[in-house]
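>>> Curious how this folds, go ahead:
(one chain, ligands or ions: 2)
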Amino acid sequence: MAGRLIYLIGPSGSGKDSLLDAARARLAERGCRIVRRVITRSAEAVGEAAQGVSPQQFAAMQAEGAFALSWQANGLCYGIPRQIDDWLAAGNDVLVNGSRAHLVQARERYPTALVLLLTVDQAVLRQRLIVRGREALVDIEARLARNAQFTAELIAGNGAGLRVLDNSGPLEQTVERLLCCLDHGHSAHAMGIDTNL
Ligand SMILES: Nc1ncnc2c1ncn2[C@@H]1O[C@H](COP(=O)(O)OP(=O)(O)OP(=O)(O)O)[C@@H](O)[C@H]1O
Ligand SMILES: O=P(O)(O)OC[C@H]1O[C@H](OP(=O)(O)O)[C@H](O)[C@@H]1O
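Ligands and ions are numbered 1, 2, ... in the order given. Below is the predicted model:
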């Protein structure tokens with residue numbers, strides 16, 4: 001049986017990468033793979049969770065059909081390697097750190113995708129971005145401003161069927177919520193279930 005695409009989205013700084021790191025071993029136990037993204041960010045800034053490439057390399061990879069999904073956001077290009085289709089065909093679930101702006105396209109290509117929206121209190125979010133210190137303050141403000149656009153779009157209906165996971169509290173709690181979602185197809189402790197945000 002084919003695996004399921006799990007498309008994790010949420011504001012910049014809501015904790016997508018942290019959650020995937022913290023849940024990595026337990027996801028692997030369940031046969032769920034986490035895809036390593038290709039990003040046009042410097043190798044030092046992407047960490048192990050992504051492959052950093054130049055814009056030219058990214059364009060060449062895209063032209064070769066290397067990506068199952070790709071998008072642009074925050075001045076960067078993001079690609080999800082086509083390898084995920086082999087994993088899905090082999091029966092593995094595949095977790096993607098996705099983009100809210102690319103949700104419609106992701107659902108078109110993977111109609112059975114489970115979409116998880118990670119949320120965090122706005123005041124906590126700003127603080128976490130500042131403490132993380134990956135972007136300059138001006139870029140942090142741009143990322144926070146970008147969120148307002150998505151809140152409006154999700155309220156307008158694009159978010160129907162999303163499962164919401166709140167990450168305002170300890171990460172361990174969010175890991176449990178994620179695993180509950182995956183094991184039972186629903187999030188008993190999530191902030192909302194099948195929300196129409
Ligand atoms: N539950 C949590 N409690 C405290 N700090 C957290 C929690 N989750 C994440 N953080 C911290 O918040 C910051 C942002 O997290 P992270 O980089 O994982 O977010 P992200 O959603 O992947 O962001 P982006 O989309 O910009 O890559 C990090 O410094 C991380 O350590
Ligand atoms: O704002 P939206 O479209 O949801 O997401 C845009 C992209 O920005 C973030 O990446 P990062 O902060 O550059 O690592 C997300 O992970 C996503 O890929």
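
>>> Ramachandran angles for residue 11?
Backbone dihedrals for residue 11, given as degrees, to the nearest 10, come out at phi -60, psi 150.

>>> Tell me how many other residues crowd it.
Neighbourhood size, residue 11 [other CB atoms under 10 Å]: 22. For every residue, glycine as well, the C-beta is placed using N, CA and C.

>>> ok, now which ones touch it?
Residue 11 sits next to 118, 119, 120, 125, 143, 144, 146, 147, 150 when contact means CB atoms under 8 Å, 6 or more residues apart in numbering.

>>> if I pick the fourth one, what's in contact with it?
Applying CB under 8 Å, 6+ apart, one finds that residue 125 lies in contact with 11, 13, 14, 144, 147.

>>> Tell me the secondary structure at the last one.
It refers to residue 147. Look at residue 147: counting by DSSP: H, G, I helix; E, B strand; the rest coil, its state is helix.

>>> In JSON lines: the contacts of residue 125, plus distance to residue 96.
Below are the contacts of residue 125 laid out as JSON lines (distance: CB to CB, whole Å):
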{"residue": "11", "distance to residue 96": "17"}
{"residue": "13", "distance to residue 96": "18"}
{"residue": "14", "distance to residue 96": "15"}
{"residue": "144", "distance to residue 96": "23"}
{"residue": "147", "distance to residue 96": "20"}
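
>>> Buried subset of those, written for ChimeraX?
Buried members of the contacts of residue 125, identified by 16 or more other CB atoms under 10 Å, are gathered into one ChimeraX selection as follows:
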select :11,13,14,144,147
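
>>> now, which of the contacts of residue 11 lie within strands?
118, 119 (DSSP state E).

>>> Out of the contacts of residue 11, which comes closest to ligand 2?
Nearest to ligand 2 out of these is residue 146 (CB to the nearest ligand atom; 5.3 Å).

>>> isn't that closest one right up against residue 74?
Yes. Between residue 146 and residue 74 there is a contact under CB atoms under 8 Å: 7.3 Å.

>>> can you list residues touching both of the two?
Shared contacts of residue 146 and residue 74, defined by CB under 8 Å, 6+ apart, comprise residue 12.

>>> before we move on, back to that, tell me which of the contacts of residue 11 has the lowest pLDDT.
Scanning those for pLDDT, the low point is residue 150. It has 78.

>>> For that residue, which non-adjacent residue is closest in space?
residue 100 (4.6 Å; CB to CB, 6 or more residues apart in numbering).

>>> Surely that neighbour touches residue 119?
No. Counting by CB under 8 Å, residue 100 sits too far from residue 119 to count as a contact (11.5 Å).
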